[in-house]
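Enquirer: I'd like to go over a predicted model; first the sequence, then the structure.
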Amino acid sequence: MKAAQAAGSPLETLPCVATRPELFGHLAFEWSAFRSLSTDRPVGMALGPVPWSSIDRFACRYHITGDEFDRFCDLIQAMDAAYRAYHERQAENAKH
């Protein structure tokens with residue numbers, strides 16, 4: 001982004017900015033949690049999923065229990081599945 005600014009290109013014309021979805025305010029905590037939890041994923045030949053145990057530890061730290069934990073876990077795992085699918089598509093496209 002700094003390069004775009006230095007070149008005089010408006011940030012809103014960058015593809016990464018122009019196609020960025022708007023985040024609903026009530027999901028800000030979950031998005032932040034996903035970003036933190038993403039650093040705990042195993043890395044090997046392929047991008048691994050965020051471990052359930054990491055999600056559980058994170059939830060315990062923030063006192064997320066019961067139905068709230070189920071919702072939190074579902075959201076994190078759904079974001080993780082979308083994240084991994086995106087990166088798998090990017091890797092496939094790079095091969096062609």
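Expert: Happy to help now that I have it.
Enquirer: and the lengthiest helix in the chain, which residues are buried?
Expert: If you go by DSSP state H, the chain has its longest helix at helix 66-95. Within helix 66-95, the residues that qualify as buried by neighbour count (16 or more other CB atoms under 10 Å) are 69, 72-73, 75-76, 79-80, 83-84. For the C-beta atoms, the positions are set from N, CA and C on the backbone; glycine is no exception.
Enquirer: any idea which of those residues is closest to Pro15?
Expert: Tyr83 (17.9 Å; CB to CB).
Enquirer: which residues does the nearest residue to that closest one once chain neighbours are set aside contact?
Expert: In space, and not counting its chain neighbours, Tyr83 is closest to Ser38: 7.2 Å by CB to CB, 6 or more residues apart in numbering. The contact partners of Ser38, taken as CB atoms under 8 Å, 6 or more residues apart in numbering, are 50, 80, 83.
Enquirer: so Ser38 lies in a helix, does it not?
Expert: Yes: under DSSP: H, G, I helix; E, B strand; the rest coil, Ser38 falls within a helix.
Enquirer: so for it, what's the pLDDT?
Expert: Here, the pLDDT recorded for Ser38 equals 94.
Enquirer: can you count the residues close to Arg41?
Expert: Neighbours of Arg41 under the rule other CB atoms under 10 Å: 16.
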